[in-house]
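>>> Build me a model from this:
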Amino acid sequence: MNYSLRQLKVFVTVARVKSFSRAGESIGLSQSAVSHSVKELEHQTGVRLLDRTTREVVLTEAGQQLAARLDRLLDELNGTLREAGRVGQQLMGTVRVAASQTISAHLIPQCIADSNRRYPEIDFVLHDRPQQWVLESIRQGEVDFGIVIDPGAATDLQCETVLAEPFLLLCRSDHPFAGRSAVNWQDLQQQRLVLQDYASGSRPLIDAALSGFAVKANIVQEIGHPATLFPMVESGIGISILPALALPLPQGSHLQVKRLTPVVERQLMLARRKNRSLSTAAEALWEVVRHQAGQLTALRENDPLYQK
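Predicted coordinates:
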């Protein structure tokens, strides 16, 4: 049987006020619409619920039992709906955010600290993984949103750029490039390079830049974690290309970073599933990440390393 919530509400109102006309006035329906609704409910239940006279409406025994139960059930339903509304508006609960290692190490800590200050009832849970895992976890709904390097033509994702940053050259202090203020991409010809592998979202961008500047790369090592670039370069294995977010340099190291010209940037993006709404708490943390990325951009404005 298919009972509508409207039918049940109409019947309960009639049972309460003992009148079709007063029930109609209470819920904004005509007397005939109220009468028709009750008749439909009686037809669907197969039992008479009301005795009608010219003066009043009297509940049958079945009507009395149904009205009493429905009154409680509708009150409970209204309470449940109000609670759902409050939960939807509250800045509380768990928000899962995925990001690759460099982003996790050098942007997310500030985001978590900011979130804890602003929204102490929100639990910011970080999933620190390679870029492809981050993208897949967003698509599968395992996280609320992610921070990724521009994924290109990802038509199933809604992306928003929050940070643009350059690739930099990493070398030892005794390398010939150490005396320069900037290094041209074409000067990397035949240089020994230590790069991140293809689990990194930056690697395709670096490959595209090398190819675009007609640099024949001599890649001697490909490593999985960005922090490994520093000891590799300091050990004299080669030089490296890394995103600005990988800084600062390890304390006490004999390493330097140089601007690469022409400037090649990577775009960091907030990403979520397209056509899927975020919870109020997740929306709040999305805004926290956007704000922190903007703060970082402002801090870099006057640093010569980031001048185009």
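
>>> what kind of secondary structure is residue 277 in?
coil (DSSP: H, G, I helix; E, B strand; the rest coil).

>>> pLDDT wise, what is it at?
The pLDDT attached to residue 277 in the predicted structure is 88.

>>> Over to the one 5 residues further on?
The predicted structure scores residue 282 at 94 on the pLDDT scale.

>>> Please identify the helix or strand for it.
helix 280-300 (DSSP states H and E).

>>> which helices and strands does that helix pack with?
Here helix 280-300 touches strand 93-99, helix 108-118, strand 122-128, strand 145-149, strand 157-172, strand 265-273, going by 3 or more Cβ pairs under 8 Å, 6 or more residues apart in numbering; DSSP states H and E. (C-beta placed from N, C-alpha, C; glycine too.)

>>> Looking at these, which is nearest to residue 252?
When the helices and strands packed on helix 280-300 are ranked by distance to residue 252, counting by Cβ to Cβ, first place goes to strand 157-172 at 13.6 Å.

>>> Now do that closest one: distance to the chain's middle.
19 Å (Cα atoms, centre = their mean, to the nearest Å).

>>> ok, it: who's next to it in the sheet?
Strand pairing for strand 157-172, using DSSP bridges, gives strand 239-243 (antiparallel), strand 255-261 (antiparallel), strand 265-273 (antiparallel).

>>> Tell me the buried residues in it?
Residues 157-159, 162-163, 165-172 are the ones in strand 157-172 that count as buried (16 or more other Cβ atoms under 10 Å).

>>> out of the helices and strands packed on helix 280-300, deepest packed?
Mean neighbour count (mean count of other Cβ atoms under 10 Å) peaks for strand 145-149 among those, with a mean of 26.

>>> counting contacts, what elements does that one pack onto?
strand 93-99, helix 131-139, strand 265-273, helix 280-300.

>>> Turn those into TSV, including distance to residue 117.
TSV is the format used below for those (distance: least, Cβ to Cβ, whole Å):
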stretch	distance to residue 117
strand 93-99	15
helix 131-139	25
strand 265-273	20
helix 280-300	10
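
>>> Between the ones you listed, which one is closest to residue 57.
helix 280-300 (44.3 Å).

>>> can you give me the angle that closest one makes with strand 122-128?
70 degrees (axes from the mean of the first three to the mean of the last three Cα atoms, to 10 degrees).

>>> Report the spatially nearest residue to the residue nearest the centre of the chain, omitting neighbours in sequence.
In the chain, the C-alpha nearest the mean C-alpha coordinate belongs to residue 145, at 2.3 Å (Cα atoms, centre = their mean). Excluding the flanking residues, the one nearest residue 145 by Cβ to Cβ, 6 or more residues apart in numbering is residue 272, at 4.2 Å.

>>> That neighbour contacts residue 144, doesn't it?
Yes: if you go by Cβ atoms under 8 Å, residue 272 and residue 144 touch, sitting 7.3 Å apart.

>>> re earlier: can you check which of the helices and strands packed on strand 145-149 gets nearest to residue 119?
helix 280-300 (5.7 Å).

>>> distance between that closest one and the chain's centre?
Relative to its chain's centre, helix 280-300 lies at 12 Å (Cα atoms, centre = their mean).

>>> List the buried residues of that helix.
281, 282, 283, 284, 285, 286, 288, 289, 290, 292, 293, 296.

>>> for stretch 192-199, same thing?
For stretch 192-199, burial by neighbour count (16+ other Cβ under 10 Å) applies to 192, 193, 194, 195, 196, 199.

>>> got the angle for the helix or strand containing the third one vs strand 157-172?
Using DSSP H and E, the element containing residue 194 is strand 192-196. The directions of strand 192-196 and strand 157-172 differ by 150 degrees, with the same axes, to 10 degrees as the criterion.

>>> Mind listing residues that contact whichever helix or strand comes after strand 192-196?
Downstream of strand 192-196, the next assigned helix or strand under DSSP H and E is helix 203-212. If you take Cβ atoms under 8 Å, 6 or more residues apart in numbering as the criterion, helix 203-212 is touched by 149-150, 167, 185, 188, 195-198, 217, 241, 264, 266.

>>> which two of those residues lie the greatest distance from each other?
Largest pairwise distance in the contacts of helix 203-212, by Cβ to Cβ, is 22.4 Å, between 150 and 188.
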